[in-house]
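>>> Need coordinates for the below:
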Amino acid sequence: EVQLVESGGGLVQAGGSLRLSCAASGFTFDDYVIGWFRQAPGKERKGVSCISRTDGSTYYTDSVKGRFTISSDNAKNTVYLQTNSLKPEDTAVYYCAAPFYSTERYWGRGTQVTVSS
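Residues are numbered from 1 along each chain as shown. Prediction:
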């Protein structure tokens with residue numbers, strides 16, 4: 001059974017940081033592009049960042065460039081999202097997903113990130 005389990009969310013003040021983790025089991029994402037989406041209240045879910053295990057290339061949506069960093073630990077089958085300089089508009093449920101660009105993704109249950117002003 002494929003599982004993606006997120007952790008690391010929480011409540012933080014503006015300017016703070018959180019490190020989100022996504023532990024994958026049931027498959028190895030060596031050949032996948034895996035990453036993060038987020039969904040704010042009343043808004044659609046949008047892609048935030050992803051990383052390719054094939055060549056290590058990364059993608060960031062414009063609003064998080066320079067503040068968020070995605071990385072992966074192959075031995076642990078885990079992907080991380082380091083979020084720095086958080087803003088209230090980053091408040092959302094963050095979901096791990098793979099394959100990132102597929103219409104048939106595996107999804108985690110999400111982890112809540114709340115940034116207070």
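>>> Where does the prediction get shaky in this protein?
Within the chain, the ranges that satisfy pLDDT under 70 run 28-31.
>>> quick one, strands of it?
3-7, 10-13, 18-25, 33-39, 46-52, 58-60, 68-73, 78-83, 92-98, 106-107, 111-116 (DSSP state E).
>>> okay if I get those strands as TSV plus mean neighbour count?
For every residue, glycine as well, the C-beta is placed using N, CA and C. Below are these laid out as TSV (neighbours: other Cβ atoms under 10 Å):
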stretch	mean neighbour count
strand 3-7	17
strand 10-13	13
strand 18-25	19
strand 33-39	23
strand 46-52	20
strand 58-60	17
strand 68-73	18
strand 78-83	22
strand 92-98	23
strand 106-107	16
strand 111-116	17
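>>> in the sheet, who's paired with the residue nearest to the spatial centre of the chain?
In the chain, the centroid-proximal residue (Cα atoms, centre = their mean) is Trp36; its distance is 2.8 Å. Judged by DSSP bridges, the bridge partners of Trp36 are Ser49, Cys96.
>>> Run a quick check on it versus Lys46, I expect a contact.
No. Trp36 lies out of contact with Lys46 (Cβ atoms under 8 Å); the separation is 10.0 Å.
>>> So what sits opposite Ser71 in the bridge?
Tyr80.
>>> how close does it get to Ser21?
Noted for Ser71: a distance of 10 Å to Ser21, by Cβ to Cβ, to the nearest Å.
>>> intersection of neighbour lists for the two?
79-80 (Cβ atoms under 8 Å, 6 or more residues apart in numbering).
>>> hey, C-alpha coordinates of stretch 39-59 in PDB?
Below are the C-alpha coordinates for stretch 39-59, written out as PDB (Å, rounded to 0.1, in the frame of the first residue of the first chain):
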ATOM      1  CA  GLN A  39      -4.600  24.600  -0.200                       C
ATOM      2  CA  ALA A  40      -5.700  27.700   1.700                       C
ATOM      3  CA  PRO A  41      -9.300  28.000   3.000                       C
ATOM      4  CA  GLY A  42     -11.700  28.700   0.100                       C
ATOM      5  CA  LYS A  43      -9.000  28.400  -2.500                       C
ATOM      6  CA  GLU A  44      -7.900  25.600  -4.900                       C
ATOM      7  CA  ARG A  45      -5.000  23.400  -4.300                       C
ATOM      8  CA  LYS A  46      -1.800  24.600  -6.000                       C
ATOM      9  CA  GLY A  47       1.700  23.200  -6.500                       C
ATOM     10  CA  VAL A  48       4.400  24.700  -4.400                       C
ATOM     11  CA  SER A  49       7.600  22.800  -5.100                       C
ATOM     12  CA  CYS A  50       8.900  19.500  -6.400                       C
ATOM     13  CA  ILE A  51      12.100  17.600  -6.800                       C
ATOM     14  CA  SER A  52      13.100  15.000  -9.300                       C
ATOM     15  CA  ARG A  53      14.900  12.000  -8.000                       C
ATOM     16  CA  THR A  54      16.200  11.300 -11.500                       C
ATOM     17  CA  ASP A  55      18.300  14.400 -11.800                       C
ATOM     18  CA  GLY A  56      17.700  16.500  -8.700                       C
ATOM     19  CA  SER A  57      16.100  19.300 -10.500                       C
ATOM     20  CA  THR A  58      13.700  21.400  -8.500                       C
ATOM     21  CA  TYR A  59      10.700  23.600  -9.100                       C
END
